[in-house]
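[1] this one's structure only:
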C-alpha cells in the first residue's frame with residue numbers, strides 16, 4: 001500500500017497540472033510527443049502519453065489500466081481503505097481527469113466521458129478536511145467543470 005506524503009502529492013499535483021495545461025492548450029503535450037516520434041505515428045504518441053500518465057499513477061499507488069476499467073464505486077472502495085485513502089482518491093481523480101482531457105483531445109468522447117464520470121465520483125468522496133497540494137484545484141471546482149463538459153457533450157450528441 002502506498003501512503004501519500006504531502007511531498008509526493010505536491011509532485012503529482014505539479015506534474016498533472018503541467019500535463020493538463022499542455023493538453024488544454026491544443027493538445028500540446030500530445031503534439032510534442034507526436035513530433036518526437038520520427039514516423040509521426042499517432043498511436044505511438046498516445047502510447048507515450050499513456051506511459052507517462054501510468055508512471056505518475058503508479059508512483060502514488062494507482063494502476064491506470066485498472067482505474068480505466070473498473071466502475072467508479074469499485075475503484076473508490078479499493079482506494080479509500082487504510083491510511084492515506086483520501087489522498088489516493090484525490091490522486092486517482094486527478095489522473096482520470098487528465099486522462100479524460102487527453103481522450104477528448106484525441107477525439108474519443110466516450111473515453112473522456114467515462115474517465116470524467118469516474119473522476120467526479122472520486123472527487124465527491126475526497127474528505128473536505130483533507131489538505132491538498134498548493135497546485136491542486138479544489139475537488140468541488142473539478143466536479144463543476146466536469147459536469148459542465150458532460151452537459152455540453154450531451155448537447156452535442158443530439159446534433
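    Received the coordinates, thanks. Here the structure is a predicted model, which is why all the values come from computation and not from measurement.

[2] what ranges does this protein have for its helices?
    6-24, 28-36, 42-59, 64-69, 72-80, 85-105, 109-123, 139-157 (DSSP state H).

[3] tell me which of these sits nearest to residue 133.
    Residue 133 sits nearest to helix 6-24 of all the helices of the chain, at 3.8 Å, using CB to CB. All C-beta spots, glycine's among them, are computed from the backbone N, C-alpha and C.

[4] from the helices of the chain, which stretch is densest packed?
    Between the helices of the chain, helix 85-105 has the highest mean count of neighbours, a mean of 25, where neighbours are mean count of other CB atoms under 10 Å.

[5] how much does it deviate in direction from helix 72-80?
    140 degrees (axes from the mean of the first three to the mean of the last three CA atoms, to 10 degrees).

[6] ok, the nearest residue to residue 99 once chain neighbours are set aside - contacts?
    Ranked by CB to CB, 6 or more residues apart in numbering and with sequence neighbours excluded, the top spatial neighbour of residue 99 is residue 115, at 4.8 Å. If you count contacts by CB atoms under 8 Å, 6 or more residues apart in numbering, residue 115 has them with 68, 96, 97, 99, 100, 103.

[7] of these, which is the nearest to residue 51?
    Distances from residue 51 to the contacts of residue 115, taken by CB to CB, are shortest for residue 99, at 12.5 Å.

[8] right, and the closest one touches residue 54 too?
    No - contact criterion CB atoms under 8 Å: residue 99 and residue 54 do not qualify, at 9.5 Å.

[9] shaky segments in the protein?
    Scanning the chain with the threshold set as pLDDT under 70 gives 1-10, 12, 19-46, 82-85, 127-129, 154-159.

[10] common neighbours of residue 99 and residue 54, please.
    With CB under 8 Å, 6+ apart as the test, residue 99 and residue 54 both reach residue 64.

[11] ok so, going back, take the helices of the chain and write them to CSV, including distance to residue 131.
    What follows is the helices of the chain, written out as CSV (distance: least, CB to CB, whole Å):
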stretch, distance to residue 131
helix 6-24, 7
helix 28-36, 28
helix 42-59, 19
helix 64-69, 23
helix 72-80, 17
helix 85-105, 9
helix 109-123, 16
helix 139-157, 12
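
[12] wait, which of these is closest to residue 130?
    helix 85-105 (4.5 Å).

[13] now the closest one against helix 42-59, angle please.
    Going by the same axes, to 10 degrees, helix 85-105 makes 170 degrees with helix 42-59.
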